[in-house]
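# Below are the sequence and a predicted model; questions follow.
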Amino acid sequence: DKVRNGWSKQDFETRSDDTIATYLNLKKRYKVAEIGCAMAYACKNVAPKVKEYVGIDFSAKMIEEAKVINSSFENAKFVVNDGLTIPFEDDYFDIVFCELCFQHMNREQMNSNIMEIKRVVKPNGGVALQFPMPCISDGKCSPPVNDLKTLFPNEKIKSYKHYIYVYTPELIEDGIKHIV
C-alpha cells in the first residue's frame, strides 16, 4: 500500500525528514496553516503541538489522501482551495508555512498566495516560507528578493542551495540553522 513516491503508509508515518515544520516554535493555543500541503506529511509534526492544523491544497485527490493518512489527528482539517485564495477570514492563523510548493506555482498563483498569506496571518503571527531561487530552469520565477523584503519587512530572508527562505525570527530562528 504505497502513499507517496513509493513510500508505504508505515514509511510515511515513521520517516523523520528535516522540514520547516520540524523546527517551528509551536504553542498549544496556535492555529497553523500549511499551504500546498499535498498529503500533509508535516501534519504529524505540527498537529500534536497546536490547537488547530489546517492543510490547504488545490488538489482534491491530495486532500482526500491527507484526510485518510492523518485521520488520527482530531484537531487537523484539510481544505481544497482554488490555488489562488485561502478560504479563511483575515488574521485567522498564528502561523502559516509553505514548503516545497511555490516552485510548482506560476507567477500569478505565487503572488496571490503571498498576499493571501499576509491577509490570513495574525498581526503578531509568523510565517515560514520556502521559495525557489528567483528563476529556475522552466522559467517560473519567484518574486525578486527586494520584493520579498518589501512584502515581509519584519521577516528574515536567507538563501540556501536552490531556495530562498522567508521566516519570522521568533518562529523558527533556532531551527532554521539546521536547514540553511
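Thanks, I have it. Small disclaimer: the values here were computed from a predicted structure and weren't measured.

# What distance do you get for the spatially most central residue of the chain to T150?
By C-alpha atoms, centre = their mean, the mean C-alpha position of the chain lies nearest to C98, the distance being 2.0 Å. As defined by C-beta to C-beta, to the nearest Å, C98 lies at a distance of 19 Å from T150. In short, each C-beta sits where N, CA and C put it, glycine included.

# so the residue nearest to the centre of the chain makes contact with E116?
No. Look at C98 against E116 with C-beta atoms under 8 Å: they stay out of range, at 10.7 Å.

# hmm, who's touching the longest strand that the chain contains?
Counting by DSSP state E, the longest strand found in the chain is strand 121-132. Contact with strand 121-132 is made by 20, 24, 91-103, 110, 117, 140, 142-143, 148, 152, 155, 162-168, 170-172, as judged by C-beta atoms under 8 Å, 6 or more residues apart in numbering.

# so after the helix or strand where V79 lies, what's the next helix or strand?
Per DSSP states H and E, V79 falls inside strand 76-80. Tracing the chain past strand 76-80, the next element assigned as helix or strand by DSSP H and E is strand 93-98.

# now the helices: where do they sit in this structure?
For the chain, the helices defined by DSSP state H occupy 9-14, 43-46, 60-69, 107-120, 145-151, 169-179.

# rank the ones you listed by pLDDT, which is bottom?
Ranked on mean pLDDT, the bottom entry among these is helix 169-179, at a mean of 56.

# how about the longest strand of the chain: buried residues?
121, 125-132 (16 or more other C-beta atoms under 10 Å).

# any chance of these in JSON lines, with pLDDT and distance to K49 too?
Output for these, formatted as JSON lines (pLDDT from 0 to 100; distance: C-beta to C-beta, whole Å):
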{"residue": "V121", "pLDDT": "94", "distance to K49": "18"}
{"residue": "G125", "pLDDT": "90", "distance to K49": "16"}
{"residue": "G126", "pLDDT": "88", "distance to K49": "14"}
{"residue": "V127", "pLDDT": "90", "distance to K49": "17"}
{"residue": "A128", "pLDDT": "87", "distance to K49": "14"}
{"residue": "L129", "pLDDT": "86", "distance to K49": "20"}
{"residue": "Q130", "pLDDT": "81", "distance to K49": "20"}
{"residue": "F131", "pLDDT": "75", "distance to K49": "25"}
{"residue": "P132", "pLDDT": "72", "distance to K49": "28"}
